[in-house]
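1. have a look at this prediction, sequence included:
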Amino acid sequence: MSSASAAAELLAVANDPKHSESGGGHGAKGVDFSRIWAVFRMMELEKANEPDFLILFESVQDVAELDSVTAPTRAKVYQVKKKDSGTWTWSILTGTVEPKAPSSKAAKAKAALPKFPKAPDFKKVPESVLGKLHLSLNAFTALPVEGIFLSNQGCDFPLESGGSTATTMPCSLADLAAGHVQLLTDAFASLSPGGPPPDLTRVKLQKVAIHPDNLNAPAIEAALDLLNERSPGHAGQAKAFVESLVMKISPLTRRTDTCLSFAELVKERGFSRGSFIAALAALEAVPDRNALFNDWMNQLQTEGVDFMTISSVRVAATRAQRDRLTGGTDVSREIDDFSDAWIAANPPTSKLRPYVEAALTELKAQFIAHRDNDLMARFVMRAITKCVDPN
């Protein structure tokens with residue numbers, strides 16, 4: 001298989017509307033889930049030191065992952081679905097009726113195939129989650145491809161080895177109990193009459209720990225780990241890094257026009273490792289907030305603020321940073337907003353102590369339940385942020 005034929009095949013499949021999932025299928029929150037997971041996946045690939053990667057959006061299913069931006073040799077195709085609660089049912093994922101488990105061990109030993117009162121109905125299979133995934137995989141003949149159904153919620157299907165998918169994920173469809181495997185084999189075969197037997201080892205079920213009400217947290221944690229390893233001085237900007245990546249890929253998820261070449265497809269709907277590294281390099285160019293914070297603390301101490309207060313403010317700043325990385329609270333955001341407004345009306349002066357103490361007086365009057373050290377730490381952090389990014 002040449003890289004040219006692989007790229008041409010992927011372009012052809014991407015231009016076929018049968019194999020894309022434009023809009024994510026779950027509204028704005030579902031689209032956000034897909035974008036955040038894609039950023040999380042980029043962090044995984046980069047931490048694994050993959051030499052190259054390309055993430056394509058709304059091209060083949062929800063997300064397609066290639067091992068190269070110029071000469072792909074393999075691909076993964078993802079159906080990425082958010083579910084607020086509960087588990088995924090067999091009927092939703094497959095479009096068929098789930099086989100009933102044998103009532104006893106003896107019956108199980110005799111039951112090689114599921115029992116139905118009538119022949120299984122496969123009419124809903126083409127529009128089912130796994131049916132669409134299988135059809136997309138079948139569209140490829142040159143490029144090796146596997147499909148993954150990925151969600152924040154799992155499913156509870158029996159495995160041939162015992163146990164269930166609820167506690168054993170990821171796993172392939174070939175790992176399911178014999179009756180379930182046979183039913184899926186027949187169901188997928190009905191989608192391509194006369195074609196080769198379906199390969200259930202190519203389709204996997206995977207669960208990811210992303211909560212619908214706190215989508216960013218796992219990606220921020222992954223970014224924090226990566227930045228601590230690659231750029232420790234900018235680890236405090238993990239949240240901003242994740243948000244910037246989400247903003248960069250958001251337009252890519254809304255483009256559905258037919259592309260005339262693989263290069264155009266990459267440009268219109270792709271985010272490569274090169275783009276990821278460029279975003280990381282852009283972060284390096286941003287002044288180090290931690291260094292600026294230390295400068296402010298040192299100057300305040302030089303101007304007469306006692307050592308114990310400085311130490312307490314440093315500890316409070318660490319707590320505030322952890323809080324900010326997890327999204328913060330309503331009150332912490334109110335303190336930030338109040339500080340921003342005060343800073344806008346009172347630009348920093350060369351003497352920091354009277355400036356910070358004047359702000360602290362206003363903050364204490366507004367937020368009487370908070371300790372001085374916490375308020376001072378949050379104010380200084382906001383003042384530094386405004387110095388780094390006035391907008």
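-> Nice, thanks for sending it over. All figures in this text were calculated on a predicted structure; none of them were measured in a lab.
2. so how far is stretch 82-98 from its chain's centroid?
-> Per CA atoms, centre = their mean, to the nearest Å, the displacement of stretch 82-98 from the mean C-alpha position of its chain is 21 Å.
3. residue ranges for the helices of the stretch 51-200 of the chain, please.
-> Ranges of helices in the stretch 51-200 of the chain, per DSSP state H, counting those that start in this stretch, are 90-94, 105-110, 129-138, 178-189.
4. Q61: which of those is closest?
-> Closest to Q61 of these is helix 129-138 (CB to CB; 5.6 Å). Just so you know, the C-beta spots here come from the backbone N, C-alpha and C atoms, and that holds for glycine as well.
5. and of the helices of the stretch 51-200 of the chain, who's closest to V313?
-> Among the helices of the stretch 51-200 of the chain, helix 129-138 sits nearest to V313 (CB to CB), with 51.6 Å.
6. what distance separates the closest one from the centre of its chain?
-> Counting by CA atoms, centre = their mean, helix 129-138 comes out at 22 Å from the chain centroid.
7. put the alpha carbons of that helix into PDB.
-> Written as PDB, here are the backbone C-alpha positions of helix 129-138 (Å, rounded to 0.1, in the frame of the first residue of the first chain):
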ATOM      1  CA  VAL A 129     -23.900   3.300  16.300                       C
ATOM      2  CA  LEU A 130     -21.900   0.100  15.700                       C
ATOM      3  CA  GLY A 131     -23.500  -0.500  12.300                       C
ATOM      4  CA  LYS A 132     -22.300   2.900  11.100                       C
ATOM      5  CA  LEU A 133     -18.900   2.200  12.400                       C
ATOM      6  CA  HIS A 134     -18.700  -1.200  10.700                       C
ATOM      7  CA  LEU A 135     -19.800   0.400   7.400                       C
ATOM      8  CA  SER A 136     -17.100   3.000   7.600                       C
ATOM      9  CA  LEU A 137     -14.400   0.300   8.200                       C
ATOM     10  CA  ASN A 138     -15.700  -1.600   5.200                       C
END
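8. rounded mean pLDDT for it, please.
-> Computed over helix 129-138, the mean pLDDT rounds to 95.
9. any idea of the angle that helix forms with helix 178-189?
-> Interaxial angle, helix 129-138 versus helix 178-189 (axes from the mean of the first three to the mean of the last three CA atoms, to 10 degrees): 60 degrees.
10. so which other helices or strands are in contact with helix 129-138?
-> Secondary-structure packing of helix 129-138 (3 or more CB pairs under 8 Å, 6 or more residues apart in numbering; DSSP states H and E): strand 75-81, helix 90-94, strand 145-151, helix 178-189, strand 203-207.
11. thinking again about what came up before, using a markdown table, please lay out the helices of the stretch 51-200 of the chain together with mean neighbour count and distance to F33.
-> Output for these, formatted as a markdown table (neighbours: other CB atoms under 10 Å; distance: least, CB to CB, whole Å):
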| stretch | mean neighbour count | distance to F33 |
| --- | --- | --- |
| helix 90-94 | 19 | 17 |
| helix 105-110 | 10 | 38 |
| helix 129-138 | 22 | 15 |
| helix 178-189 | 20 | 26 |
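12. and of those helices, who's closest to A345?
-> Comparing the helices of the stretch 51-200 of the chain by CB to CB, helix 129-138 comes nearest, at 53.8 Å.
13. contacts for that closest one next, please.
-> Residues from elsewhere that reach helix 129-138, judged by CB atoms under 8 Å, 6 or more residues apart in numbering: 13, 18-19, 21, 60-61, 77, 79, 81, 88, 92-95, 124-126, 145-147, 149, 173, 184, 187-188, 191-192, 195, 198, 202-203.
14. Serialize the helices and strands packed on helix 129-138 to JSON lines and add fields for distance to Q366 and mean pLDDT.
-> Output for the helices and strands packed on helix 129-138, formatted as JSON lines (distance: least, CB to CB, whole Å; pLDDT from 0 to 100):
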{"stretch": "strand 75-81", "distance to Q366": "43", "mean pLDDT": "96"}
{"stretch": "helix 90-94", "distance to Q366": "50", "mean pLDDT": "96"}
{"stretch": "strand 145-151", "distance to Q366": "43", "mean pLDDT": "96"}
{"stretch": "helix 178-189", "distance to Q366": "61", "mean pLDDT": "96"}
{"stretch": "strand 203-207", "distance to Q366": "44", "mean pLDDT": "96"}
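15. just put the ones you listed in a markdown table and tack on distance to D374.
-> Shown next, in a markdown table, are the helices and strands packed on helix 129-138 (distance: least, CB to CB, whole Å):
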| stretch | distance to D374 |
| --- | --- |
| strand 75-81 | 39 |
| helix 90-94 | 47 |
| strand 145-151 | 39 |
| helix 178-189 | 55 |
| strand 203-207 | 38 |
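16. for these, which one sits closest to L252?
-> strand 75-81 (14.2 Å).
17. flag every buried residue along the closest one.
-> Of all the residues in strand 75-81, those buried under the rule 16 or more other CB atoms under 10 Å are 75-81.
18. which of the residues you listed sit farthest apart?
-> A75 and K81 (19.4 Å).
19. any stretches of this structure with poor pLDDT?
-> 1, 21-30, 101-118, 286-288, 325-327, 387-391 (pLDDT under 70).
20. which parts of it are strands?
-> 54-57, 63-66, 75-81, 145-151, 171-172, 203-207, 270-272 (DSSP state E).
21. now those in CSV, with distance to A178?
-> Listed next are the strands of the chain as CSV, based on distance: least, CB to CB, whole Å:
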stretch, distance to A178
strand 54-57, 36
strand 63-66, 31
strand 75-81, 25
strand 145-151, 21
strand 171-172, 14
strand 203-207, 17
strand 270-272, 40
